[in-house]
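>>> I'd like to go over a predicted model; first the sequence, then the structure.
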Amino acid sequence: MSFKFEEYGLFIGGRWTSPAKAKRFETVNPATKQAVGSFVLGTPDDVARAVAAAQKAFPAWKETPAPKRGEVLLEASRVLKSRKALMGETVTREMGKVISEGLGDVQESIDFIEYMAGEGRRLFGETVPSELRSKFCLTVRQPKGVVACITPWNFPTAIPNWKIAAALVCGNTVVFKPATATARCAAEVVKVYEDAGLPPGVLNFVTGSGGVVGNALIDDPRVRTVSFTGGVDTGREVYARGAKGLKMVHLELGGKNPVILMEDADLRLALDGVLFGAFGTAGQRCTATSRLIVHEKVYDVFLEMLTERLEQFSVGDPLDPSTGMGPVASADQEKKILAYIEIGRKEAKLRYGGRKLTGGAYDRGYFIEPTIFETKHGTRISKEEIFGPVLSVVKVGGYEEAVRVANDVEYGLSSAIYTQDVNRAFRAIQDLEAGITYVNAPTIGAEVQLPFGGIKNTGNGGREAGSVAVEEFTELKSVFVDFSSKLQKAQIDSETAA
Ligand code: UN1
C-alpha cells in the first residue's frame, strides 16, 4: 500500500464518525510541508460522547478476564507488526524523524503491546499474613474506569501505546487525545486495536486542540485518571485542572539530560553515543542528550572529534536511509529552537552549526543544523529544555564537579556517564539525580520492560512501562477474609486470639 493523503474521523463507540458541521485541520510533513491527513477539530460535545461510550463499554471490559484482554493486545501487536513498514513511513512523513527511527518508534510500540499482553496473566496482587487466626489477607488490582490518554508528537506511536496498552490490559476503557501534529499516526494506532478485535467503546479517539478537547476530557467527572506526556508548562496546567476533580494525574514532562565524559572514557564509543543521543530525532526526545559535561583532560580532543564527525553528518530527507538527521517537527518547533540558538549566541560560544538550512529541498521544510555551544554551566541554554538539535558542552575539572553540574537543573529524566572505572560508574548510578542512568551509552534508548520516568520537574513521581506500568491504571483493593466464624477484632484481639 502506498502512502497518500487521507481524511479521518473521530472513533467513538467502535465507529468512525465525522460530525456533519465539523471543522477540520490538517497535519503537515515537516520535510516538505505537504499535507499528510485531515482530521476533525473536536468539540466538548465530541468529548462527552466519547466519554459516554467509554463508560458504557467499561463494565463488560472489566468483566472480561485479564488474560483474554491480553489476547486482544497480542493480536494488536501482530497487526502492528504486519503494518510496521507503512506505519514507520507514516511516522517519518508526519513527524520528520529519520526512517530508521520511525521504524524504531513502531517497534517500541510492538514491544510494549506484547509485553503488556503478558501482563494479562500477571496483574499481581499480594498475599500477606494476618495478625489473627483463620483470616486471609490479599490485594487485588481493579481497573479505574474511564481513563484519558493525552500524548505528544515526538513518539507518535510509542507513547500512545505505552499508555493505551497498559490501560486496556488493566481493564480500563480509554479516550485518547493525541497531539494535533501527529494525528494520523494516532489514528493508525487506533485502527490497529480496532482490527485486532477490541470491543466497541473500549478505545475512543478524539482529535483537536489541548485547550478544548484536552481540557474537556480532564474536566469530565467520569474520567478518573489522566495520563499526560508533554511539556512542563502544560503539565502544570493539566495537574492543576485534574486536581479540582481529585483525579490521579500521571505526568511525563521534560528533561535536560547530561552525558558525563570522564578522562578515562573510550572516546570513540562516546562519540557515537553523544551524536546519537544529541541529534537522534533531531534532539526532540525527552531523553535527548542536551548537555555534555566533559573532563578538562579530554575536552579539546573530544570536541575536535565531535565537530569533525559532524562535518560528515547529513541533514535532509528523513526517508533516505543515509540521512543522519531530518527536519524538526514543525514551524513552531523551528521558531523555538532558533530563538534558543540566538540566546546561545549571546551567552556562549557557538562551536558548530547554529543556522537554519536553506536552499533547494531545505526551503520546503524545517531544517536546522546540528548545533554545539561551548558554555559555562548556568546559562539558559545549559539549563532549559530546548527540544531540538542543540548540545551544550560544559568543561569540568573532575567527577565531583561533573555530578554537581549534572544535577543542577530542574529536570531529572535521563543521565549517562562514560568511564572505564567500575567504581566511578556505580558511584554515578548512586549520585545522578534522574529516573534513568546509562553507563557507557547515551541518554536515549530506554527499553520497554523497565520503568520510564523521572524525578524533579520531569513528573510527579509515577513511572510508565515496565512491570510498574499497571500502577497508574489500577486501584489496589485490600481484601480480608475471616473464616473463623466469629467476630475477631484486629488490633484488639490479636494478643489473646486462640
Ligand atoms: C521520549 O522522549 O519522550 O528512551 C520517549 C528513549 C525512547 C523513548 C523516549 N525509548 O529515548
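Perfect, thanks for sending it. Numbering: from 1, shown residues only.

>>> Please make it C-alpha for all contacts and neighbour counts, starting now.
OK.

>>> Quick check: nearest residue in space to the residue nearest the centre of the chain, chain neighbours excluded?
Centre of the chain computed as the mean C-alpha position; nearest residue by Cα atoms, centre = their mean is Ile159, 4.5 Å away. Distance criterion Cα to Cα, 6 or more residues apart in numbering; nearest residue to Ile159, sequence neighbours excluded, is Thr151 at 6.6 Å.

>>> And what about Leu269, helix, strand or coil?
helix (DSSP: H, G, I helix; E, B strand; the rest coil).

>>> burial count for it?
13 (other Cα atoms under 10 Å).

>>> dump the residue contacts of it.
Residues in contact with Leu269 (Cα atoms under 8 Å, 6 or more residues apart in numbering) are Asn440.

>>> Can you tell me how far it is from the ligand?
The gap separating Leu269 from the ligand is 18 Å, by Cα to the nearest ligand atom, to the nearest Å.

>>> Tell me the residues on the stretch 251-400 of the chain that lie near the ligand, please.
Arg285, Cys286, Thr287 (Cα under 6 Å from any ligand atom).

>>> What residues does the last one make contact with?
For Thr287, the set of contacting residues under the criterion of Cα under 8 Å, 6+ apart consists of Gly255, Lys256, Asn257, Leu413, Ser414, Thr443, Ile444.

>>> Now the residue nearest to Gly201 when sequence neighbours are not counted: phi and psi?
Distances taken as Cα to Cα, 6+ apart place Gly13 nearest to Gly201, at 3.8 Å, with adjacent residues excluded. Main-chain torsions, Gly13, degrees, to the nearest 10: phi 60, psi 30.

>>> Touching, Gly13 and Phe205? I think so.
No: the pair Gly13 / Phe205 is not scored as a contact, 9.4 Å apart, by Cα atoms under 8 Å.

>>> quick one: which of those two has more around it?
Phe205 (27 against 23).

>>> Can you show me the strands along the stretch 151-300 of the chain?
Under the criterion DSSP state E, counting those that start in this stretch, the stretch 151-300 of the chain carries strands at the ranges 173-177, 203-205, 223-229, 248-252, 257-261, 289-295.

>>> Among these, show me which one is buried the most.
strand 257-261 (a mean of 32; mean count of other Cα atoms under 10 Å).

>>> quick one: the helices in this structure?
Listed in chain order, the helices of the chain (DSSP state H) span 44-63, 66-82, 84-95, 99-119, 158-169, 183-195, 215-219, 232-244, 267-279, 296-311, 331-347, 380-383, 399-407, 422-431.

>>> do you know which of those lies nearest Arg364?
Judged by Cα to Cα, the one of the helices of the chain that comes nearest to Arg364 is helix 331-347, at 11.3 Å.

>>> can you list contacts of the closest one?
30, 328, 350, 354-356, 366-368, 373, 375, 379-381, 386-388, 390.

>>> Run a quick neighbour tally on the closest residue to the ligand within the stretch 1-150 of the chain.
Nearest residue of the stretch 1-150 of the chain to the ligand (Cα to the nearest ligand atom) works out as Glu108 at 6.9 Å. By other Cα under 10 Å, 21 other residues sit near Glu108.

>>> sorry, back to before: in JSON lines, list the strands of the stretch 151-300 of the chain along with mean pLDDT.
Below are the strands of the stretch 151-300 of the chain laid out as JSON lines (pLDDT from 0 to 100):
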{"stretch": "strand 173-177", "mean pLDDT": "98"}
{"stretch": "strand 203-205", "mean pLDDT": "99"}
{"stretch": "strand 223-229", "mean pLDDT": "97"}
{"stretch": "strand 248-252", "mean pLDDT": "98"}
{"stretch": "strand 257-261", "mean pLDDT": "98"}
{"stretch": "strand 289-295", "mean pLDDT": "98"}
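
>>> Any chance of these in CSV with distance to Glu194 as columns?
Converted to CSV, the strands of the stretch 151-300 of the chain look like this (distance: least, Cα to Cα, whole Å):
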stretch, distance to Glu194
strand 173-177, 13
strand 203-205, 8
strand 223-229, 21
strand 248-252, 26
strand 257-261, 37
strand 289-295, 36
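
>>> Check the gap between Glu347 and Asp408 for me.
18 Å (Cα to Cα, to the nearest Å).

>>> do Arg380 as well
12 Å.

>>> and stretch 11-23, C-alpha only, in CSV?
Extracted in CSV, the C-alpha atoms of stretch 11-23 (Å, rounded to 0.1, in the frame of the first residue of the first chain):
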residue,chain,number,x,y,z
PHE,A,11,-13.6,7.0,16.7
ILE,A,12,-16.4,6.7,19.2
GLY,A,13,-18.2,3.6,20.3
GLY,A,14,-16.5,1.5,17.7
ARG,A,15,-17.4,3.7,14.8
TRP,A,16,-15.5,6.2,12.7
THR,A,17,-17.7,9.3,12.6
SER,A,18,-17.3,12.8,11.1
PRO,A,19,-19.8,15.2,12.7
ALA,A,20,-21.7,17.0,10.0
LYS,A,21,-20.6,20.5,10.6
ALA,A,22,-17.2,19.6,12.0
LYS,A,23,-14.3,22.0,11.4
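
>>> export the helices of the chain to a markdown table and tack on mean pLDDT?
Putting the helices of the chain into a markdown table (pLDDT from 0 to 100) gives the following:
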| stretch | mean pLDDT |
| --- | --- |
| helix 44-63 | 98 |
| helix 66-82 | 98 |
| helix 84-95 | 98 |
| helix 99-119 | 98 |
| helix 158-169 | 98 |
| helix 183-195 | 98 |
| helix 215-219 | 98 |
| helix 232-244 | 98 |
| helix 267-279 | 98 |
| helix 296-311 | 98 |
| helix 331-347 | 98 |
| helix 380-383 | 98 |
| helix 399-407 | 98 |
| helix 422-431 | 98 |
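
>>> Which one, of those helices, ends up nearest to Glu472?
Among the helices of the chain, helix 158-169 sits nearest to Glu472 (Cα to Cα), with 8.1 Å.

>>> Provide the contact partners of that closest one at residue level.
With Cα under 8 Å, 6+ apart, helix 158-169 has contacts from 66, 69-70, 73, 105-106, 108-109, 112-113, 116-117, 119-120, 147, 149-152, 173-174, 176, 178, 186, 189, 202, 227, 229, 464-465, 469-470, 473.

>>> Common neighbours of Gly13 and Phe205, please.
Contact criterion Cα under 8 Å, 6+ apart; residues shared by Gly13 and Phe205: Ala50.

>>> which ones are touching the nearest residue to Ala278 once chain neighbours are set aside?
Of all residues not flanking Ala278 in the chain, Thr289 sits nearest, at 4.5 Å (Cα to Cα, 6+ apart). By Cα under 8 Å, 6+ apart, the contact list for Thr289 reads Lys256, Asn257, Pro258, Val259, Val274, Gly277, Ala278, Gly283, Leu391, Pro442, Thr443, Ile444.

>>> May I see the PyMOL selection of the buried members of those residues?
Applying 16 or more other Cα atoms under 10 Å to those, the buried members can be selected in PyMOL as follows:
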select buried, resi 256+257+258+259+274+277+278+283+391+442+443+444
